[in-house]
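Asker: here's my sequence, what's the structure:
(2 chains)
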Amino acid sequence: MSVLLIAEHNNKELKPFTLNASTAASQIDSDVHAVIIGHNCNEAAKALSELPLIKKVIQVEAAHYENFVAENFAPVIVKLAENYSHIISSANTFGKNLMPRIAAALDTSQISDIIKVIAPDTFLRPIYAGNAFATVKSKDAKKCVTIRPTSFDSCESSGGSAPIEKADPGEEFAKTKFIKREEVKSDRPELGTARVVVSGGRGMQSGDNFKLITSLADKLNAAIGASRAAVDAGYISNDHQVGQTGKVVVPDLYIAVGISGAIQHLAGMKESKVIVAINKDGEAPIFSVADYGLEADLFEAVPQFLEELNKLNTIQK
Amino acid sequence: MKILVAVKRVIDYNVQIRVKEDNTGVVTDNVKMSTNPPDDNAIEEAVKIKEAGKATEVVAVSIGEEKAQETVRKALAVGADRGILVKTDGIIEPLAVSKLLQKIVEKEKPDLVFMGKQAIDDDCNQTGQMLSALLNWPQATFASKIEIKDGKLEVTREIDEGLETIEINVPAIVTCDLRLNEPRYASLPNIMKAKKKPIEQLNASDLGVDITPRIEQVKVEEPPKRKAGIKVSSVAELVQKLKNEAKVI
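Answerer: Got it, this is the predicted structure:
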């Protein structure tokens, strides 16, 4: 049977992780259908139909789908589920919020946050903040699976022309009302997909000092990350948090500044291709995962780093 | 208003876990166990609501082996009024936990159910959402702020893009983020007092729920190790290595 992918979008555009989830879905079965639920989301539905991996798009429209409330979305997918062997979405806050609601309604034991498809019923997933990897096999007839987007490549985004079918919307769940969303707007690359991430920790000592991180990130066209300690101390907002309870990032270059490297933080960045750690404590655990460690006072090292970068003729973007 | 708070006993978050040599799981013998950290936030929030006069009773429930009683006892020591322990052995999946919690909810009839957004052992992030699906209640996941307004809850949720605010009717499920509050420590007098608070013990098998695992844990392994890196002596050397050796800038 086919696989049903739940598309994540903002009614205008697809969210990038939908492309990673499509890749994961296609590794389970080549017959991937995608459902897009929203309000005035024709553009996003069209973009979805252009992914060559998608064989059919199901579009469900209603005003009460505008803000992605799980209580409204879940019954739509439960109804569609009878035609599918697997329901797939990203394990970001959208999918984490929604998928268990679907799984419980289908009486299926969900498999969360997989990093590899081993067989259509067998998956690899990190447990204990990535300190162990579990191979798990689902015995349920219908499988609900969320995928870790950074563990799967994004699929091609053009060249396909899947048919778009409309399906009837469900009723509104009146007991939950969306009020507002405060999105943090930025010209920088998104933390989850950036090629370079520069992160600051408690060693930054103040929110004001984070401008050192900002300057370095500007220079490297990087996203800005932070440890939970820096977020909790109020130096920077939570959407920058990298770690077990924040975002998992896998950039080509991760620069950890003034971050000691708590297990929870390492869980969110240790798969990065190249890791740099700048910390004055030579015993800090961050050095155990760093490819290049610099034991130095960050307030001296970061300005020097900027100077050295200024001397370079070119910096990769 | 009555608040039920679900708490899970897990390996303490400071423990470096070890995978068993036979790859059947992780070592839990002689390992420090604690309350799942965001469950502490859930208890704290419930107790604060009670202290503000907006709730009349806080009931802590845990599902697990006999020793999970310690986790319930800790919740009692920071302000929960009474406890429930649902005893089970072996692996119990979030779907089964949510079905057992559904039975407890039907019996206790709370107005709110709080729990942590995720357990730091299996990292599933499912139980709250599943329970709200089974009950057909509203869900407010990843909550970093809760305000009670005329029998409704206004909840700020931590989402990837920033923050989202929703309003939900009671009864409802709230899963708590670490930033919701700062959990208090139990004082010695309160630990002593907690010993006198009642804990009702139930067997999962008596609740009429099929909790047989649906997922076979084939094996548990160490993640691939990162190759040890080097220490550089200067920023100039670092930049040179990044440019010419790693070729990432």
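
Asker: touching, B:Ile84 and B:Pro198? I think so.
Answerer: No - using C-beta atoms under 8 Å, B:Ile84 is not in contact with B:Pro198; the gap is 9.4 Å. Quick note: C-beta positions are derived from backbone N, CA and C, even for glycine.

Asker: neighbour count: these two, which is higher?
Answerer: Neighbour count, other C-beta atoms under 10 Å in any protein chain shown: between B:Ile84 and B:Pro198, B:Ile84 has more, with 20 against 9.

Asker: show me the residues around that one that make contact.
Answerer: By C-beta atoms under 8 Å, 6 or more residues apart in numbering or on different chains, B:Ile84 lies in contact with B:59-62, B:72, B:104, B:108, B:199-202.

Asker: can I get these in a markdown table with pLDDT, distance to chain A and secondary structure?
Answerer: Putting these into a markdown table (pLDDT from 0 to 100; distance: C-beta to the nearest C-beta, whole Å; DSSP: H, G, I helix; E, B strand; the rest coil) gives the following:
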| residue | pLDDT | distance to chain A | secondary structure |
| --- | --- | --- | --- |
| B:Val59 | 98 | 22 | strand |
| B:Ala60 | 98 | 22 | strand |
| B:Val61 | 98 | 18 | strand |
| B:Ser62 | 98 | 20 | strand |
| B:Val72 | 98 | 23 | helix |
| B:Ile104 | 98 | 16 | helix |
| B:Glu108 | 98 | 20 | helix |
| B:Ile199 | 98 | 28 | strand |
| B:Glu200 | 98 | 25 | strand |
| B:Gln201 | 97 | 26 | strand |
| B:Leu202 | 97 | 21 | strand |
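
Asker: which of those ranks first by neighbour count?
Answerer: Counting by other C-beta under 10 Å, top hit in the contacts of B:Ile84: B:Ala60 with 32 neighbours.

Asker: list the contacts for that one?
Answerer: Going by C-beta under 8 Å, 6+ apart, B:Ala60 touches B:5-7, B:43, B:72, B:75-76, B:80, B:82-84.

Asker: rerun that using 7 Å as the cut-off
Answerer: B:5, B:7, B:43, B:72, B:75-76, B:80, B:83 (C-beta atoms under 7 Å, 6 or more residues apart in numbering or on different chains).

Asker: tell me which of the residues you listed fall in helices.
Answerer: The helices, defined by DSSP state H, take in B:43, B:72, B:75-76 from the contacts of B:Ala60.

Asker: can you give me the strands for chain B?
Answerer: Applying DSSP state E to chain B gives strands spanning B:2-7, B:9-11, B:33-35, B:57-64, B:82-87, B:112-116, B:139-149, B:152-159, B:162-169, B:172-176, B:199-203, B:215-221, B:230-232.

Asker: mind listing the helices in chain A by residue range?
Answerer: Here chain A has its helices, by DSSP H, at A:17-28, A:42-49, A:70-80, A:93-105, A:210-220, A:228-232, A:263-269, A:298-311.

Asker: deepest-packed of those, please.
Answerer: Comparing the helices of chain A by mean neighbour count (mean count of other C-beta atoms under 10 Å in any protein chain shown), helix A:93-105 ranks first with a mean of 27.

Asker: tell me the pLDDT of A:Asn131.
Answerer: Turning to A:Asn131, the model gives it a pLDDT of 88.

Asker: got the contact list for the residue nearest to it when sequence neighbours are not counted?
Answerer: Excluding the flanking residues, the one nearest A:Asn131 by C-beta to C-beta, 6 or more residues apart in numbering or on different chains is B:Ile17, at 5.0 Å. Neighbour list for B:Ile17: A:128, A:131-132, B:11, B:26 [criterion: C-beta under 7 Å, 6+ apart].

Asker: could you dump the strands of chain B to TSV with distance to A:Ser227?
Answerer: Output for those, formatted as TSV (distance: least, C-beta to C-beta, whole Å):
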stretch	distance to A:Ser227
strand B:2-7	26
strand B:9-11	21
strand B:33-35	21
strand B:57-64	30
strand B:82-87	34
strand B:112-116	20
strand B:139-149	17
strand B:152-159	16
strand B:162-169	19
strand B:172-176	20
strand B:199-203	37
strand B:215-221	27
strand B:230-232	21
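
Asker: quick one, which of those gets closest to A:His240.
Answerer: When the strands of chain B are compared by C-beta to C-beta, strand B:162-169 sits nearest A:His240, at 10.4 Å.

Asker: and the angle for that closest one with strand B:152-159?
Answerer: Inter-element angle recorded for strand B:162-169 and strand B:152-159: 150 degrees (by axes from the mean of the first three to the mean of the last three C-alpha atoms, to 10 degrees).

Asker: partners of strand B:162-169, with directions?
Answerer: Paired strands of strand B:162-169, with direction, are strand A:176-183 (antiparallel), strand B:152-159 (antiparallel) (DSSP bridges).

Asker: quick one: average pLDDT of the first one?
Answerer: Strand A:176-183 comes out with an average pLDDT of 95.

Asker: which positions in that strand come out as buried?
Answerer: Buried residues in strand A:176-183, counting neighbours by 16 or more other C-beta atoms under 10 Å in any protein chain shown, are found at A:176-177, A:181.

Asker: picking up where we left off before, closest one to B:Lys227 among the strands paired with strand B:162-169?
Answerer: Using C-beta to C-beta, the strands paired with strand B:162-169 put strand B:152-159 closest to B:Lys227, at 34.2 Å.

Asker: buried ones in that closest one, by neighbour count?
Answerer: B:152-159.

Asker: how distant is that strand from the center of its chain?
Answerer: Averaging C-alpha positions (C-alpha atoms, centre = their mean, to the nearest Å) puts strand B:152-159 18 Å from its chain's average.

Asker: and for stretch A:77-86?
Answerer: On C-alpha atoms, centre = their mean, the centre of stretch A:77-86 falls 24 Å from that of its chain.

Asker: would that stretch count as contacting chain B?
Answerer: No - Stretch A:77-86 is not in contact with chain B by C-beta under 7 Å from any C-beta of the partner chain; minimum separation 9.1 Å.

Asker: give me the contacts around that stretch.
Answerer: With C-beta under 7 Å, 6+ apart as the criterion, stretch A:77-86 contacts A:1-4, A:6, A:28, A:35, A:58, A:87, A:102, A:105-106, A:142-143, A:145, A:167.

Asker: separate out the buried members of those.
Answerer: Counted by 16+ other C-beta under 10 Å, those give A:2-4, A:6, A:28, A:35, A:58, A:87, A:102, A:105-106, A:142-143, A:145 as buried.

Asker: among these, which two are most distant?
Answerer: Going by C-beta to C-beta, the pair spanning the buried ones among the contacts of stretch A:77-86 furthest: A:Ile28 and A:Ala105, at 20.8 Å.

Asker: give me the distance between the two termini of stretch A:122-133.
Answerer: This stretch, stretch A:122-133, spans 13 Å end to end (C-alpha to C-alpha, to the nearest Å).

Asker: returning to that earlier point: can I get the buried ones among the contacts of stretch A:77-86 in CSV with pLDDT and distance to A:Glu295?
Answerer: Listed next are those as CSV, based on pLDDT from 0 to 100; distance: C-beta to C-beta, whole Å:
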residue, pLDDT, distance to A:Glu295
A:Ser2, 96, 54
A:Val3, 98, 49
A:Leu4, 98, 51
A:Ile6, 98, 46
A:Ile28, 98, 46
A:Val35, 98, 51
A:Ile58, 98, 55
A:Ile87, 98, 48
A:Ile102, 98, 49
A:Ala105, 98, 53
A:Leu106, 98, 53
A:Lys142, 97, 53
A:Lys143, 98, 48
A:Val145, 98, 43
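
Asker: how about B:Ile191, nearest residue that isn't a chain neighbour?
Answerer: In space, and not counting its chain neighbours, B:Ile191 is closest to B:Ala77: 4.6 Å by C-beta to C-beta, 6+ apart.
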